[in-house]
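[1] Structure for the following, please:
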Amino acid sequence: MKIKQDFENVVLENMPWVLRYVRSKVRNTDVAEDLTQEIFLKAFRAYDSYCDDGKIRPWLMRIAQNHVRNHFSRDGRITFISLDAGDDEEDPLYTYLPGGDTPEEEYLRKELSESVLSAVARLPERQRQIIMYRYIDDMKVSEISALMKIPAGTVKSAAHYALAGLRRDLGVAENKKRKGDRKMDCKDIYKYLFIYANGTISDENRKKVEEHIAGCRACADIVTALKKLIPTMTFGLEDEMTHFLIDFPELNISYCGLRCEIPDYERLNKRLEELNGVIPENERWFASGFGKKSQLLARFDNEGNEIEFRIVEQDEFHYEARATKMKKVFRYMWDYDMYSDTTEGITRSKEAPNLYRGGMKNFFGSDVKTALYQAIPGKAENVRIKRGNGVIDCGTYKFPYVDRYVTGDETISLDYSFNLEK
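    Numbers count the residues shown, from 1 in each chain. Sure, this is the predicted structure:
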(Lines give C-alpha, C1' and ligand atoms only; values in the text may rest on other atoms or scores of the structure.)
Protein backbone atom coordinates (compact mmCIF):
# COMPACT_ATOMS: atom_id res chain seq x y z
CA MET A 1 0.00 0.00 0.00
CA LYS A 2 1.49 3.33 -1.09
CA ILE A 3 0.40 5.34 1.99
CA LYS A 4 1.99 2.76 4.28
CA GLN A 5 5.19 2.72 2.22
CA ASP A 6 5.39 6.54 2.21
CA PHE A 7 4.82 6.70 5.96
CA GLU A 8 7.61 4.18 6.57
CA ASN A 9 9.96 6.69 4.95
CA VAL A 10 8.54 9.44 7.17
CA VAL A 11 9.31 7.36 10.26
CA LEU A 12 12.83 6.51 9.13
CA GLU A 13 13.66 10.13 8.32
CA ASN A 14 12.07 11.76 11.37
CA MET A 15 12.17 9.27 14.24
CA PRO A 16 15.61 10.42 15.56
CA TRP A 17 14.77 14.12 16.00
CA VAL A 18 11.28 13.42 17.39
CA LEU A 19 12.82 11.12 19.98
CA ARG A 20 15.42 13.82 20.88
CA TYR A 21 12.61 16.34 21.30
CA VAL A 22 10.58 14.06 23.58
CA ARG A 23 13.66 13.16 25.64
CA SER A 24 14.37 16.87 26.19
CA LYS A 25 10.93 17.17 27.80
CA VAL A 26 10.53 13.86 29.64
CA ARG A 27 14.11 13.04 30.69
CA ASN A 28 13.16 9.35 31.04
CA THR A 29 14.42 7.20 28.18
CA ASP A 30 11.81 4.44 28.48
CA VAL A 31 8.89 6.85 28.73
CA ALA A 32 10.29 8.97 25.89
CA GLU A 33 10.51 5.95 23.60
CA ASP A 34 6.93 4.93 24.42
CA LEU A 35 5.65 8.45 23.77
CA THR A 36 7.54 8.63 20.48
CA GLN A 37 5.90 5.41 19.30
CA GLU A 38 2.50 6.83 20.24
CA ILE A 39 3.27 10.06 18.37
CA PHE A 40 3.99 8.19 15.14
CA LEU A 41 0.90 6.05 15.63
CA LYS A 42 -1.19 9.23 15.84
CA ALA A 43 0.62 10.61 12.80
CA PHE A 44 -0.10 7.42 10.81
CA ARG A 45 -3.80 7.62 11.62
CA ALA A 46 -3.89 11.23 10.41
CA TYR A 47 -1.49 10.77 7.48
CA ASP A 48 -4.19 10.47 4.81
CA SER A 49 -5.31 14.02 5.73
CA TYR A 50 -1.79 15.46 5.50
CA CYS A 51 -1.23 17.70 2.49
CA ASP A 52 2.17 17.12 0.93
CA ASP A 53 3.41 20.72 1.10
CA GLY A 54 6.99 19.85 2.03
CA LYS A 55 6.54 20.77 5.69
CA ILE A 56 6.38 17.34 7.29
CA ARG A 57 8.54 18.34 10.27
CA PRO A 58 6.33 21.20 11.50
CA TRP A 59 3.31 18.88 11.09
CA LEU A 60 4.98 16.16 13.16
CA MET A 61 6.13 18.73 15.71
CA ARG A 62 2.56 19.88 16.34
CA ILE A 63 1.49 16.29 16.94
CA ALA A 64 4.49 15.69 19.24
CA GLN A 65 3.85 18.88 21.23
CA ASN A 66 0.19 18.05 21.78
CA HIS A 67 0.98 14.48 22.78
CA VAL A 68 3.68 15.53 25.26
CA ARG A 69 1.36 18.23 26.61
CA ASN A 70 -1.36 15.62 27.16
CA HIS A 71 1.14 13.33 28.88
CA PHE A 72 2.09 15.96 31.43
CA SER A 73 -1.52 17.05 31.88
CA ARG A 74 -2.51 13.49 32.77
CA ASP A 75 0.31 13.26 35.31
CA GLY A 76 -0.23 16.74 36.66
CA ARG A 77 3.32 17.71 35.68
CA ILE A 78 4.21 20.46 33.23
CA THR A 79 7.91 21.00 32.69
CA PHE A 80 8.20 22.64 29.30
CA ILE A 81 7.36 25.91 27.60
CA SER A 82 6.73 26.79 23.99
CA LEU A 83 8.74 29.61 22.51
CA ASP A 84 5.55 30.79 20.80
CA ALA A 85 4.75 32.70 23.98
CA GLY A 86 3.81 36.34 24.02
CA ASP A 87 4.37 38.73 26.91
CA ASP A 88 1.80 41.22 28.14
CA GLU A 89 2.14 43.06 24.83
CA GLU A 90 0.98 39.95 22.94
CA ASP A 91 4.28 39.94 21.08
CA PRO A 92 5.29 36.40 19.98
CA LEU A 93 8.68 35.48 21.35
CA TYR A 94 9.77 33.73 18.16
CA THR A 95 9.57 37.08 16.34
CA TYR A 96 12.99 38.00 17.74
CA LEU A 97 14.84 34.74 17.21
CA PRO A 98 18.04 35.28 15.18
CA GLY A 99 18.65 33.27 12.00
CA GLY A 100 16.28 30.80 10.36
CA ASP A 101 14.54 31.14 7.03
CA THR A 102 11.01 31.45 8.42
CA PRO A 103 9.50 31.96 11.87
CA GLU A 104 8.10 28.43 11.73
CA GLU A 105 11.50 26.89 11.00
CA GLU A 106 13.15 29.04 13.63
CA TYR A 107 10.49 28.09 16.15
CA LEU A 108 11.08 24.43 15.39
CA ARG A 109 14.85 24.81 15.73
CA LYS A 110 14.58 26.45 19.12
CA GLU A 111 11.92 24.06 20.39
CA LEU A 112 14.31 21.18 19.72
CA SER A 113 17.05 22.90 21.72
CA GLU A 114 17.60 21.68 25.27
CA SER A 115 18.55 25.23 26.22
CA VAL A 116 14.85 26.11 26.38
CA LEU A 117 14.16 23.58 29.10
CA SER A 118 17.32 24.58 30.96
CA ALA A 119 16.40 28.27 30.84
CA VAL A 120 12.92 27.62 32.25
CA ALA A 121 14.32 25.40 34.99
CA ARG A 122 16.64 28.22 36.11
CA LEU A 123 13.80 30.69 36.64
CA PRO A 124 12.89 31.54 40.25
CA GLU A 125 9.95 29.48 41.49
CA ARG A 126 7.35 32.25 41.29
CA GLN A 127 8.35 33.22 37.75
CA ARG A 128 8.33 29.58 36.67
CA GLN A 129 4.80 29.10 38.04
CA ILE A 130 3.47 32.23 36.36
CA ILE A 131 5.04 31.30 33.02
CA MET A 132 3.35 27.89 33.17
CA TYR A 133 -0.03 29.29 34.17
CA ARG A 134 0.07 32.11 31.62
CA TYR A 135 1.53 30.47 28.54
CA ILE A 136 0.93 26.75 29.00
CA ASP A 137 -2.40 26.68 30.84
CA ASP A 138 -3.48 29.82 28.91
CA MET A 139 -4.80 31.48 32.07
CA LYS A 140 -5.63 35.18 32.25
CA VAL A 141 -3.69 37.55 34.49
CA SER A 142 -6.73 37.97 36.73
CA GLU A 143 -7.07 34.19 37.10
CA ILE A 144 -3.41 33.78 38.04
CA SER A 145 -3.70 36.65 40.49
CA ALA A 146 -6.64 34.98 42.21
CA LEU A 147 -5.03 31.54 42.20
CA MET A 148 -1.66 32.67 43.59
CA LYS A 149 -3.17 35.41 45.78
CA ILE A 150 -0.84 38.08 44.45
CA PRO A 151 -1.60 41.42 42.74
CA ALA A 152 -2.25 41.42 38.99
CA GLY A 153 0.62 43.88 38.62
CA THR A 154 2.96 41.39 40.26
CA VAL A 155 1.84 38.71 37.78
CA LYS A 156 2.58 41.00 34.84
CA SER A 157 5.91 42.11 36.28
CA ALA A 158 7.04 38.54 37.03
CA ALA A 159 6.01 37.38 33.54
CA HIS A 160 7.90 40.28 31.98
CA TYR A 161 11.11 39.56 33.86
CA ALA A 162 10.77 35.81 33.29
CA LEU A 163 10.48 36.28 29.53
CA ALA A 164 13.38 38.74 29.63
CA GLY A 165 15.43 36.08 31.41
CA LEU A 166 14.47 33.43 28.86
CA ARG A 167 15.32 35.75 25.98
CA ARG A 168 18.65 36.51 27.61
CA ASP A 169 19.53 32.84 28.12
CA LEU A 170 18.41 31.89 24.61
CA GLY A 171 20.14 34.82 22.89
CA VAL A 172 16.85 36.41 21.82
CA ALA A 173 16.89 40.14 21.19
CA GLU A 174 14.48 42.45 22.97
CA ASN A 175 15.54 45.38 20.81
CA LYS A 176 14.03 45.19 17.36
CA LYS A 177 12.91 47.24 14.41
CA ARG A 178 11.11 44.59 12.39
CA LYS A 179 10.63 40.86 12.31
CA GLY A 180 13.98 39.09 12.18
CA ASP A 181 15.92 42.24 13.09
CA ARG A 182 18.47 41.65 15.85
CA LYS A 183 20.54 44.10 17.85
CA MET A 184 22.68 43.34 20.87
CA ASP A 185 20.40 41.49 23.28
CA CYS A 186 20.13 41.50 27.07
CA LYS A 187 22.46 38.53 27.47
CA ASP A 188 25.17 40.50 25.65
CA ILE A 189 24.53 43.75 27.46
CA TYR A 190 24.04 42.81 31.15
CA LYS A 191 27.77 42.58 31.80
CA TYR A 192 28.27 46.25 30.89
CA LEU A 193 25.45 47.84 32.90
CA PHE A 194 27.32 48.36 36.17
CA ILE A 195 30.44 49.88 34.62
CA TYR A 196 28.20 52.02 32.41
CA ALA A 197 26.29 53.35 35.42
CA ASN A 198 29.59 53.76 37.27
CA GLY A 199 31.09 55.83 34.45
CA THR A 200 34.00 53.40 34.00
CA ILE A 201 33.23 52.09 30.52
CA SER A 202 35.07 52.40 27.22
CA ASP A 203 33.59 54.64 24.52
CA GLU A 204 32.94 51.63 22.27
CA ASN A 205 30.99 49.75 24.91
CA ARG A 206 29.17 52.91 26.03
CA LYS A 207 27.69 53.24 22.54
CA LYS A 208 26.50 49.60 22.62
CA VAL A 209 24.79 50.11 25.98
CA GLU A 210 23.08 53.34 24.99
CA GLU A 211 21.73 51.86 21.75
CA HIS A 212 20.35 48.90 23.70
CA ILE A 213 18.74 50.68 26.66
CA ALA A 214 17.03 53.13 24.29
CA GLY A 215 14.70 50.26 23.37
CA CYS A 216 14.89 47.89 26.35
CA ARG A 217 12.86 48.86 29.42
CA ALA A 218 14.25 46.11 31.67
CA CYS A 219 17.89 47.08 31.13
CA ALA A 220 17.09 50.79 31.32
CA ASP A 221 15.46 50.16 34.72
CA ILE A 222 18.65 48.51 35.96
CA VAL A 223 20.79 51.44 34.79
CA THR A 224 18.43 53.98 36.38
CA ALA A 225 18.62 52.17 39.71
CA LEU A 226 22.40 51.67 39.62
CA LYS A 227 23.01 55.34 38.81
CA LYS A 228 21.09 56.27 41.96
CA LEU A 229 22.57 53.52 44.11
CA ILE A 230 26.29 53.91 43.33
CA PRO A 231 26.69 57.47 44.75
CA THR A 232 25.24 56.25 48.07
CA MET A 233 27.74 53.41 48.44
CA THR A 234 30.56 53.92 50.94
CA PHE A 235 34.00 52.33 50.75
CA GLY A 236 36.90 51.89 53.12
CA LEU A 237 40.04 54.00 53.12
CA GLU A 238 42.03 53.86 49.90
CA ASP A 239 44.58 51.38 51.27
CA GLU A 240 41.88 49.14 52.81
CA MET A 241 40.39 46.17 51.02
CA THR A 242 36.84 46.99 49.94
CA HIS A 243 34.15 44.71 48.53
CA PHE A 244 30.50 44.98 47.45
CA LEU A 245 27.87 42.71 45.88
CA ILE A 246 24.72 44.00 44.15
CA ASP A 247 22.18 41.27 43.43
CA PHE A 248 19.15 41.34 41.10
CA PRO A 249 17.41 38.07 42.08
CA GLU A 250 14.49 38.47 39.67
CA LEU A 251 16.97 38.55 36.78
CA ASN A 252 19.53 36.09 38.19
CA ILE A 253 22.39 38.56 37.77
CA SER A 254 24.74 40.22 40.24
CA TYR A 255 27.61 42.71 40.18
CA CYS A 256 30.61 42.38 42.45
CA GLY A 257 33.45 44.82 43.08
CA LEU A 258 36.73 44.32 44.95
CA ARG A 259 39.40 46.96 45.52
CA CYS A 260 42.81 46.22 47.00
CA GLU A 261 46.20 47.89 47.06
CA ILE A 262 48.87 46.52 44.69
CA PRO A 263 52.20 47.88 46.06
CA ASP A 264 54.30 46.51 43.17
CA TYR A 265 51.89 47.62 40.43
CA GLU A 266 54.68 49.34 38.46
CA ARG A 267 56.68 46.09 38.22
CA LEU A 268 53.57 44.20 37.17
CA ASN A 269 52.83 46.73 34.44
CA LYS A 270 56.34 46.31 33.06
CA ARG A 271 55.84 42.57 33.10
CA LEU A 272 52.53 42.98 31.25
CA GLU A 273 54.25 45.11 28.64
CA GLU A 274 56.86 42.42 28.08
CA LEU A 275 54.14 39.78 27.72
CA ASN A 276 51.87 41.90 25.50
CA GLY A 277 49.24 41.62 28.20
CA VAL A 278 49.15 37.81 28.13
CA ILE A 279 49.73 36.17 31.53
CA PRO A 280 51.58 32.82 31.51
CA GLU A 281 49.44 29.87 32.55
CA ASN A 282 51.76 28.98 35.42
CA GLU A 283 51.38 32.46 36.98
CA ARG A 284 48.44 33.31 39.26
CA TRP A 285 47.26 36.90 38.74
CA PHE A 286 44.18 38.45 40.33
CA ALA A 287 42.45 35.25 41.39
CA SER A 288 38.78 35.60 42.28
CA GLY A 289 36.84 32.83 44.03
CA PHE A 290 33.12 32.14 43.68
CA GLY A 291 30.57 29.39 44.33
CA LYS A 292 29.55 26.78 41.79
CA LYS A 293 25.96 28.03 41.79
CA SER A 294 27.22 31.14 40.01
CA GLN A 295 28.68 31.67 36.56
CA LEU A 296 31.28 34.40 36.07
CA LEU A 297 30.52 36.19 32.80
CA ALA A 298 32.89 39.16 32.76
CA ARG A 299 35.61 41.04 34.64
CA PHE A 300 36.64 44.70 34.25
CA ASP A 301 39.34 46.95 35.71
CA ASN A 302 39.19 50.54 37.02
CA GLU A 303 38.85 52.01 33.53
CA GLY A 304 36.41 49.46 32.13
CA ASN A 305 39.02 47.38 30.29
CA GLU A 306 37.89 43.75 30.14
CA ILE A 307 40.06 41.23 32.01
CA GLU A 308 40.18 37.85 30.30
CA PHE A 309 40.26 34.85 32.63
CA ARG A 310 40.19 31.09 32.95
CA ILE A 311 38.23 29.04 35.49
CA VAL A 312 40.01 26.62 37.83
CA GLU A 313 38.12 24.24 40.11
CA GLN A 314 39.06 24.78 43.77
CA ASP A 315 36.94 22.20 45.56
CA GLU A 316 33.51 20.58 45.49
CA PHE A 317 31.75 23.92 45.97
CA HIS A 318 34.02 26.63 44.56
CA TYR A 319 35.74 27.84 41.40
CA GLU A 320 38.57 30.34 41.00
CA ALA A 321 38.93 32.79 38.11
CA ARG A 322 42.53 33.63 37.20
CA ALA A 323 43.40 36.50 34.88
CA THR A 324 44.91 35.40 31.55
CA LYS A 325 45.07 38.71 29.72
CA MET A 326 44.71 42.29 30.91
CA LYS A 327 45.65 45.79 29.89
CA LYS A 328 46.84 47.49 33.07
CA VAL A 329 47.44 47.14 36.81
CA PHE A 330 46.56 50.02 39.14
CA ARG A 331 47.99 50.79 42.57
CA TYR A 332 44.46 50.66 44.02
CA MET A 333 43.03 48.02 41.74
CA TRP A 334 39.30 47.55 41.20
CA ASP A 335 38.07 44.21 39.87
CA TYR A 336 34.43 44.53 38.76
CA ASP A 337 32.83 41.12 38.11
CA MET A 338 29.45 40.19 36.65
CA TYR A 339 27.78 36.88 37.55
CA SER A 340 24.78 34.86 36.48
CA ASP A 341 23.38 33.40 39.69
CA THR A 342 20.57 30.85 40.05
CA THR A 343 20.19 31.28 43.82
CA GLU A 344 16.61 31.95 44.98
CA GLY A 345 16.95 35.31 46.72
CA ILE A 346 13.34 36.29 47.43
CA THR A 347 10.50 34.00 48.53
CA ARG A 348 6.79 34.59 49.12
CA SER A 349 5.34 33.83 52.54
CA LYS A 350 2.76 31.02 52.62
CA GLU A 351 0.99 32.60 55.58
CA ALA A 352 0.63 36.08 54.09
CA PRO A 353 0.40 36.14 50.25
CA ASN A 354 1.54 39.75 49.94
CA LEU A 355 4.55 39.28 52.23
CA TYR A 356 7.95 38.51 50.75
CA ARG A 357 11.24 37.66 52.43
CA GLY A 358 14.73 38.07 51.08
CA GLY A 359 18.33 37.96 52.13
CA MET A 360 21.97 37.33 51.29
CA LYS A 361 25.06 36.02 53.05
CA ASN A 362 28.73 36.22 52.20
CA PHE A 363 31.90 34.89 53.77
CA PHE A 364 34.94 36.74 52.43
CA GLY A 365 37.72 35.12 54.45
CA SER A 366 39.76 38.29 55.03
CA ASP A 367 39.43 41.55 56.93
CA VAL A 368 37.43 43.73 54.56
CA LYS A 369 34.97 46.62 54.29
CA THR A 370 32.06 44.90 52.59
CA ALA A 371 28.45 45.58 51.57
CA LEU A 372 25.54 43.55 50.19
CA TYR A 373 22.67 45.08 48.21
CA GLN A 374 19.63 43.18 46.93
CA ALA A 375 17.17 44.60 44.40
CA ILE A 376 13.44 44.40 45.11
CA PRO A 377 10.57 45.98 43.11
CA GLY A 378 10.35 49.73 43.31
CA LYS A 379 6.69 49.37 44.40
CA ALA A 380 7.65 47.31 47.46
CA GLU A 381 6.15 48.68 50.69
CA ASN A 382 6.82 48.30 54.41
CA VAL A 383 10.39 47.11 53.94
CA ARG A 384 11.50 45.76 57.32
CA ILE A 385 15.18 45.09 57.96
CA LYS A 386 15.89 42.22 60.35
CA ARG A 387 19.64 42.15 59.70
CA GLY A 388 21.19 45.04 57.83
CA ASN A 389 21.52 48.79 57.71
CA GLY A 390 18.40 49.91 55.88
CA VAL A 391 16.87 50.36 52.43
CA ILE A 392 17.84 52.71 49.59
CA ASP A 393 15.01 53.81 47.27
CA CYS A 394 16.34 54.05 43.71
CA GLY A 395 13.02 54.43 41.91
CA THR A 396 12.80 51.44 39.57
CA TYR A 397 14.25 49.26 42.35
CA LYS A 398 14.71 49.49 46.11
CA PHE A 399 17.80 48.01 47.76
CA PRO A 400 17.80 46.55 51.28
CA TYR A 401 21.47 46.51 52.27
CA VAL A 402 24.08 45.76 54.90
CA ASP A 403 27.40 47.62 54.98
CA ARG A 404 30.19 47.11 57.54
CA TYR A 405 33.70 45.90 58.32
CA VAL A 406 34.15 42.17 58.92
CA THR A 407 37.09 40.09 60.08
CA GLY A 408 38.38 37.03 58.28
CA ASP A 409 36.21 34.61 60.25
CA GLU A 410 32.94 36.58 60.05
CA THR A 411 29.94 36.12 57.76
CA ILE A 412 27.99 39.20 56.70
CA SER A 413 24.21 38.74 56.46
CA LEU A 414 21.24 40.64 55.06
CA ASP A 415 17.73 39.61 56.13
CA TYR A 416 14.53 41.57 55.38
CA SER A 417 10.87 41.41 54.35
CA PHE A 418 8.46 43.61 52.38
CA ASN A 419 4.91 43.83 51.07
CA LEU A 420 3.59 44.09 47.53
CA GLU A 421 0.05 45.37 47.85
CA LYS A 422 -2.66 45.32 45.17
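[2] Can you pull out the low-pLDDT segments for the stretch 201-350 of the chain?
    In the prediction, the stretch 201-350 of the chain carries residues with pLDDT under 70 at positions 342-344.
[3] just the helices in the stretch 151-300 of the chain please.
    Taking DSSP state H, counting those that start in this stretch to define them, one finds helices in the stretch 151-300 of the chain at 152-170, 186-189, 193-198, 203-213, 217-229, 265-274.
[4] Let me see the contact set for residue 355.
    Residue 355 makes contact with 348, 349, 417, 418, 419, according to Cβ atoms under 8 Å, 6 or more residues apart in numbering. Glycine gets a C-beta too; all of them are placed from N, C-alpha and C.
[5] which residues does the third one form a beta bridge with?
    Meaning residue 417. On the basis of DSSP bridges, residue 417 is bridged to residue 357, residue 384.
[6] and the lengthiest helix in the chain, average pLDDT?
    Identified as the longest helix of the chain according to DSSP state H is helix 2-26. For helix 2-26, the mean pLDDT works out to 78.
[7] In this structure residue 206 contacts residue 197, no?
    No: at 11.0 Å, residue 206 and residue 197 do not qualify as touching, with contact defined as Cβ atoms under 8 Å.
[8] anything in contact with each of the two?
    Counting by Cβ under 8 Å, 6+ apart, nothing touches both residue 206 and residue 197.
[9] pLDDT weak spots in the stretch 1-150 of the chain?
    For the stretch 1-150 of the chain (pLDDT under 70), the answer is 1-5, 26-27, 49-54, 70-121, 135-138.
[10] Walking through it, point out its helices one by one.
    2-26, 29-46, 56-75, 103-111, 114-121, 125-131, 141-148.
[11] now these in CSV, with mean neighbour count and distance to residue 285?
    Formatted as CSV, the helices of the stretch 1-150 of the chain follow (neighbours: other Cβ atoms under 10 Å; distance: least, Cβ to Cβ, whole Å):
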stretch, mean neighbour count, distance to residue 285
helix 2-26, 15, 40
helix 29-46, 16, 46
helix 56-75, 16, 49
helix 103-111, 18, 39
helix 114-121, 15, 33
helix 125-131, 19, 38
helix 141-148, 16, 49
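[12] closest to residue 317 out of the ones you listed?
    Closest of the helices of the stretch 1-150 of the chain to residue 317 is helix 114-121, at 20.5 Å (criterion: Cβ to Cβ).
[13] Make a markdown table from the helices of the stretch 1-150 of the chain and add distance to residue 322 to it.
    Formatted as a markdown table, the helices of the stretch 1-150 of the chain follow (distance: least, Cβ to Cβ, whole Å):
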| stretch | distance to residue 322 |
| --- | --- |
| helix 2-26 | 35 |
| helix 29-46 | 39 |
| helix 56-75 | 44 |
| helix 103-111 | 35 |
| helix 114-121 | 27 |
| helix 125-131 | 34 |
| helix 141-148 | 44 |
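[14] Those helices: which one's closest to residue 328?
    Ranking these by proximity to residue 328 (Cβ to Cβ) places helix 114-121 first, at 36.1 Å.
[15] So between residue 206 and residue 197, which is more surrounded?
    A count of neighbours by other Cβ atoms under 10 Å puts residue 197 above the other of residue 206 and residue 197, at 20 against 15.
[16] Check the gap between that one and residue 213 for me.
    Distance of residue 197 to residue 213, given as Cβ to Cβ, to the nearest Å: 10 Å.
[17] what touches both of those two?
    With Cβ under 8 Å, 6+ apart, residue 197 and residue 213 have common neighbours residue 223.
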